[in-house]
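1. here is my input; please provide its structure:
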Amino acid sequence: MRPPGTVDVLIGYEYAGYHPQNKQSSGHLLLLKNRFGRCIGGNPSIKETTTNHNLGHARINTMVARVEDFYEIENLGIECTPRCGGCKCGKCSLRSKDFTIKEEKELKLIEAKLEYNREKKRWIAEYPWIRDPSELPDNKKAAIGMLISTEKRQAKNARHAEVYQQKIEDMIDREVARRLSRKELEEYKGPIHYISHHEVLKPDSKSTPVRIVFNSSARYMGHTLNDYWAKGPHLLNDLLGILIRFRENQIALIGDIKKMYHTVKTKR
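-> Purely as a prediction, here's the structure:
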């Protein structure tokens, strides 16, 4: 009989990893199991009769799929379960560490280059290079071109230009950015690649109508800075995992770090 009461969790058809798997069968009666427990399906009273039919006509329906869907299907059965890879007990919170092997290796590379300065209460990180940075081309002309176009856009809106200037001055005041001296520029002999910045408009925000974004994904002469760094796992939590874990305890907590990107100091 179907159990009465409210539904605790709805699982979409696309979440194949949460669907019950066939463990044992007897005729049309099945014993199914998934990570939530066991259940019985089927109808033992059904009697099966076999007849032969000749198929004279068939119709094939085609479906357009994304390339990403193809690779996702191809990866079935070759990922860790749970996918964090380091778990030995198999009791991790559901979807708490949804990493692929590649993401896990990149995360270890990033963590190995992290250190915490207790005096200044700041994390210090080295760039997690996965390619030789000397291969990066000098894109100074492209960065200056982006700066000029950004200034032209700001000149059309005095309010946006004022907020943009305040953001730059705030970074300088907090010592997360500074102007390099001419001596530093002349003595530096390493690779050179500039990260341009531009504005992102938020018209619905009164306090921050303009936000500054540094574009490390800009492509120049076939190169983009993001291709040279280890990115690690996706930082956004999986929504299904959040909803499932939300029911585990009576009180839920949420936290945030103010200006997280500027809290981490980088070194070569």
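
2. wait, what's in contact with Gln24?
-> 30-31 (Cβ atoms under 8 Å, 6 or more residues apart in numbering). (Glycine included, C-beta is placed from N, CA and C.)

3. which SS state does it fall under?
-> Applying DSSP: H, G, I helix; E, B strand; the rest coil to Gln24 yields a three-state assignment of strand.

4. quickly find the element holding the spatially most central residue of the chain.
-> Note on the chain: the residue nearest the mean C-alpha position is His234, at 2.1 Å, using Cα atoms, centre = their mean. Per DSSP states H and E, His234 falls between elements, in no helix or strand.

5. state the distance from it to Leu10.
-> According to Cβ to Cβ, to the nearest Å, His234 and Leu10 sit 23 Å apart.

6. likewise Lys121?
-> According to Cβ to Cβ, Lys121 and Leu10 sit 43 Å apart.

7. which SSE is Lys183 in?
-> Assigned by DSSP H and E, Lys183 falls within helix 182-187.

8. against which helices or strands is that helix packed?
-> The criterion is 3 or more Cβ pairs under 8 Å, 6 or more residues apart in numbering; DSSP states H and E, and there are no helices or strands that helix 182-187 contacts.

9. tell me which helix or strand comes right after that helix.
-> strand 196-201.

10. just checking: what are the partner strands of that following strand?
-> Strands that pair with strand 196-201, judged by DSSP bridges, come out as strand 210-215 (antiparallel).

11. show me which positions of the strand it pairs with end up buried.
-> Val210 (16 or more other Cβ atoms under 10 Å).

12. and it, how far out from the chain's middle?
-> 19 Å (Cα atoms, centre = their mean, to the nearest Å).

13. same thing with stretch 11-31?
-> With Cα atoms, centre = their mean, you get 30 Å for stretch 11-31.

14. quote the end-to-end distance of that stretch.
-> End-to-end distance of stretch 11-31 (Cα to Cα, to the nearest Å): 19 Å.

15. cool, stretch 5-15 as well?
-> End-to-end for stretch 5-15, by Cα to Cα: 24 Å.

16. show residues contacting it.
-> Contacts of stretch 5-15 (Cβ under 8 Å, 6+ apart): 18-19, 36, 240, 243-244, 247.

17. for PyMOL, write the selection for the buried entries among the residues you listed.
-> Per 16+ other Cβ under 10 Å, the buried members of the contacts of stretch 5-15 correspond to this PyMOL selection:
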select buried, resi 18+240+244
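
18. which ones are touching the residue nearest to the centre of the chain?
-> Glu103.

19. all strands for the protein, in order.
-> 21-26, 29-34, 37-42, 114-117, 122-126, 196-201, 210-215, 219-220, 223-224, 264-267 (DSSP state E).

20. out of the ones you listed, which gets nearest to Ser134?
-> strand 223-224 (11.6 Å; Cβ to Cβ).

21. what mean pLDDT does that closest one have?
-> For strand 223-224, the mean per-residue pLDDT is 94.

22. quick check: chain neighbours aside, which residue is closest to Tyr194?
-> Distances taken as Cβ to Cβ, 6 or more residues apart in numbering put Ala143 closest to Tyr194, at 3.7 Å, once the chain neighbours are dropped.

23. gap between the one you found and Tyr220?
-> In terms of Cβ to Cβ, Ala143 sits 9 Å off from Tyr220.

24. with Trp229 instead?
-> As for Trp229, its distance to Tyr220 is 16 Å (criterion: Cβ to Cβ).

25. ok, how many other residues are close to Val163?
-> The tally of other residues near Val163 (other Cβ atoms under 10 Å) stands at 19.

26. didn't it look like it was pressed against Lys206?
-> No - at 10.9 Å, Val163 does not count as touching Lys206 under the criterion of Cβ atoms under 8 Å.
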